[in-house]
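Colleague: Following is a predicted model, sequence given first.
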Amino acid sequence: MTADIEVLRWDARTGTLTSRQLLTTNAPGHTGTTSAAELAVSRDGRHVYTSNRGDNSLVVFSVAPGTGLLTEAQRLPCGGVTPWSFSLHPEERWLFVANEASSTVDLFRVDPRSGRLTNTGISVAVPNPDCVGIRSSHGTAGSNSF
């Protein structure tokens, strides 16, 4: 609940974790409530996605290939209020955000190359959503349930 993200190094030989990097998901100069929520890593490990309830934002981090250290690539509004949860679609072209206080689920397009998000403007009214699950029917185009 500190709105921080930390990169750790795991040493399997000794069974220890070592802190490598600590970053905030808060916007520069943010005052008020501090509260991070969800975290997802792209399948290829090049992008990390987080949500921040305190400033109603989504933050995308790029992962450095050699070191695994993070660099903030994008910060944008979550499309509503209090992004409680989000889900990255299995094909990683879409990100669905459950904005609990504004009672909406908002859809973002994911750029596969840069990992950057674009708000599609599509928003569905859902009373106080706190989780988004995606069920995919394999082999049938357009048959996903949300």
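Modeller: Received, thanks.
Colleague: lowest average confidence, helix or strand, in the protein?
Modeller: In the chain, no helix or strand scores lower on mean pLDDT, DSSP states H and E than strand 36-41, which sits at a mean of 93.
Colleague: gap between the helix or strand that it is followed by and the chain center?
Modeller: Later in the chain than strand 36-41, the nearest helix or strand by DSSP states H and E is strand 47-52. Counting by C-alpha atoms, centre = their mean, to the nearest Å, strand 47-52 is centred 3 Å from the centre of its parent chain.
Colleague: so what secondary structure elements neighbour strand 47-52?
Modeller: strand 36-41, strand 57-63, strand 83-88 (3 or more C-beta pairs under 8 Å, 6 or more residues apart in numbering; DSSP states H and E). Every C-beta, even on glycine, is put in place using the N, C-alpha and C of the backbone.
Colleague: Number of residues surrounding residue 98?
Modeller: By other C-beta atoms under 10 Å, the residues close to residue 98 number 26.
Colleague: looking at it, it is touching residue 127, isn't it?
Modeller: No: the pair residue 98 / residue 127 is not scored as a contact, 11.1 Å apart, by C-beta atoms under 8 Å.
Colleague: among the helices and strands packed on strand 47-52, which is nearest residue 116?
Modeller: Judged by C-beta to C-beta, the one of those that comes nearest to residue 116 is strand 57-63, at 6.1 Å.
Colleague: And the next helix or strand past the closest one?
Modeller: Following strand 57-63 toward the C-terminus (DSSP H and E): strand 70-77.
Colleague: what's that next one packed up against?
Modeller: strand 16-24, strand 57-63, strand 117-125.
Colleague: Any chance of CSV for those, columns mean pLDDT, distance to residue 46 and mean neighbour count?
Modeller: Shown next, in CSV, are those (pLDDT from 0 to 100; distance: least, C-beta to C-beta, whole Å; neighbours: other C-beta atoms under 10 Å):
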stretch, mean pLDDT, distance to residue 46, mean neighbour count
strand 16-24, 97, 16, 13
strand 57-63, 97, 5, 22
strand 117-125, 98, 14, 14
